[in-house]
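> Sequence first, then the predicted structure:
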Amino acid sequence: MFIGNNEYALTASVFGRRGRLDGGELCIYITQAQSRLALLWLAAQAIMGRLELKQNLRIMRVTKAEIRSRASRLLVALDGEIAVLRSPLCYRSRPGALRVFIAPMQEDDE
């Protein structure tokens, strides 16, 4: 399972890009692939444009989600960092919650 901020493109020319970041939705991708090799093969199929969405990947668009598991603790990757979190995992979209500060341009940068 992968949960991302808004929808990611799954076609070869723009694979992994998002049309927008402020759409206010979470996009959940669920696959039956269990091994790293199976996930790598799924990504390769997507990049080559041969991914069968209905067969290989289920996609849901939501504003919030609660992920429950039989396990009390889950290994979760958060922006590349690995953490152990308690189940259930609760996700929600918070449009506009992230502030971005940009340093003023200096004369050398122009």
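Sure, I can see it.

> could you show me where the strands are in this protein, in order?
Counting by DSSP state E, the segments of the chain that form strands are 2-5, 26-30, 58-62, 64-67, 73-78, 81-86, 89-92.

> just for the chain, where's the confidence low?
Within the chain, the stretches with pLDDT under 70 are 11-12, 16, 52-55, 108-110.

> Would you mind measuring from Phe105 to Leu98?
Slight slip there: residue 105 is Met, not Phe. Distance from Met105 to Leu98, counting by CB to CB, to the nearest Å: 22 Å. All C-beta atoms are positioned from the backbone trio N, CA, C, and that covers glycine.

> Tell me which of the strands of the chain lies nearest to Leu40.
When those are compared by CB to CB, strand 2-5 sits nearest Leu40, at 13.9 Å.

> Now that closest one: buried residues?
3, 5 (16 or more other CB atoms under 10 Å).

> now for it, which elements pack on it?
Other helices and strands packing on strand 2-5, by 3 or more CB pairs under 8 Å, 6 or more residues apart in numbering; DSSP states H and E, are strand 26-30.
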